[in-house]
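A.B. asks: Next input, structure requested:
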Amino acid sequence: MAYKAVIFDLDGTLLDTIQDITAALNDALKEIDIPLSYTPDEVHALIGNGAAILMHRALGSFDSESNFEKLKVAYLPKYEEYQTRHTKAFPGINKVLKAFKKNRKFLFVSTNKPHKLARAIVDSRFGYDLFLEVKGQMPNSPIKPDPDVINYFLKKYGLNKKDVIYIGDSVVDVDCANAAGINCCLVTWGYGKYDWTLTSKATFVVSKPEEIATIVL
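C.D. replies: Here you go, the predicted structure:
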């Protein structure tokens with residue numbers, strides 16, 4: 001079947017952001033005198049549930065309300081500054097997005113990245129008019145896997161669940177789509193742990209962006 005609307009996760013699905021996240025996190029930890037540092041592979045295990053949980057996880061045994069507040073003050077401005085340094089679309093993504101736009105698909109982004117940062121990097125890397133709407137994490141709003149943003153898109157744009165597919169790279173995304181009752185395509189080039197317990201939950205599993213186009217179109 002063809003789909004009318006496609007909702008994308010951002011980090012690990014559309015954009016390879018790990019280098020910039022890692023650099024901002026390590027520099028922020030150093031600034032507040034926390035003797036921890038992470039490799040990009042290690043940061044994979046920290047991300048996916050929003051900036052706040054990323055910072056709590058990164059603090060490890062140093063996690064406290066005081067250290068968390070210090071890290072937040074240090075990290076968020078650094079990531080806003082760093083996020084355009086190395087972040088780029090995964091190979092083949094732009095071609096697929098252009099095909100969807102040509103075929104008049106409704107395109108959305110739902111991410112646990114803070115909304116201001118999500119909007120800025122999407123505009124920087126994909127332009128202002130490719131996606132119908134981008135929703136990042138807002139203060140006091142639930143984060144994925146809560147299906148709040150998906151349900152918001154469905155209601156606002158009058159979409160039927162059967163006409164919508166969610167594209168993501170992690171268990172957070174798959175669980176979010178399942179909670180919303182829509183089909184999910186898991187991509188394996190991102191930051192998830194792609195074992196059977198994850199892949200078995202997804203409607204589709206793909207290893208190349210062009211495979212998404214085959215499913216959607």
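A.B. asks: per-residue confidence averaged over the top helix by length along the chain?
C.D. replies: Using DSSP state H, we find that the single longest helix of the chain is helix 65-82. Here helix 65-82 scores 94 as its mean pLDDT.
A.B. asks: Would you mind pulling the contact partners of that helix?
C.D. replies: Contacts to helix 65-82, defined as C-beta atoms under 8 Å, 6 or more residues apart in numbering, come from residues 20-21, 23-25, 27-29, 31-32, 34, 51-52, 55-56, 58-59, 114, 116-117, 120. In short, each C-beta sits where N, CA and C put it, glycine included.
A.B. asks: now swap in stretch 105-112 and tell me
C.D. replies: 3-11, 14, 48-51, 97, 100-101, 118, 122, 130-137, 143-144, 149-150, 153, 157, 159, 166, 172, 176, 216.
A.B. asks: Mind naming the longest strand for this protein?
C.D. replies: strand 106-114 (DSSP state E).
A.B. asks: quick one: strands adjacent to that strand?
C.D. replies: In the sheet, strand 106-114 lines up against strand 5-8 (parallel), strand 133-137 (parallel) (DSSP bridges).
A.B. asks: Go through the longest one and flag the buried ones.
C.D. replies: Same thing as strand 133-137. By neighbour count on 16 or more other C-beta atoms under 10 Å, the buried set for strand 133-137 is 133-137.
A.B. asks: Give me the lowest-pLDDT entry from those.
C.D. replies: Gln137 (92).
A.B. asks: for that residue, what are its contacts?
C.D. replies: Neighbours of Gln137 in contact, by C-beta under 8 Å, 6+ apart: 50-51, 111-115, 118, 143.
A.B. asks: gap between Tyr128 and Asp9?
C.D. replies: 20 Å (C-beta to C-beta, to the nearest Å).
A.B. asks: quick revisit: any chance of a markdown table for the strands paired with strand 106-114, columns distance to Phe68?
C.D. replies: A markdown table is the format used below for the strands paired with strand 106-114 (distance: least, C-beta to C-beta, whole Å):
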| stretch | distance to Phe68 |
| --- | --- |
| strand 5-8 | 29 |
| strand 133-137 | 16 |
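A.B. asks: Just tell me which of these ends up closest to Lys201.
C.D. replies: Relative to Lys201, the nearest member of the strands paired with strand 106-114 by C-beta to C-beta is strand 5-8, separated by 16.7 Å.
A.B. asks: So which residues of this protein form strands?
C.D. replies: So, for the chain - with DSSP E - the strands run 5-8, 15-16, 88-89, 106-114, 133-137, 164-168, 183-187, 204-206.
A.B. asks: Pick the most deeply packed of those.
C.D. replies: Among these, judged by mean count of other C-beta atoms under 10 Å, the one packed with the most neighbours on average is strand 164-168 (a mean of 27).
A.B. asks: Roughly how far does the closest residue to Lys135 other than its chain neighbours sit from Thr199?
C.D. replies: With C-beta to C-beta, 6 or more residues apart in numbering as the criterion, Lys135 has its nearest non-adjacent residue at 4.7 Å, and that residue is Val149. Separation of Val149 from Thr199 (C-beta to C-beta) stands at 23 Å.
A.B. asks: The residue of the chain positioned farthest from its centre and Leu71: what is the separation?
C.D. replies: Relative to the mean C-alpha coordinate of the chain, counting by C-alpha atoms, centre = their mean, the farthest residue is Asp33 (28.9 Å). With the distance defined as C-beta to C-beta, Asp33 ends up 11 Å from Leu71.
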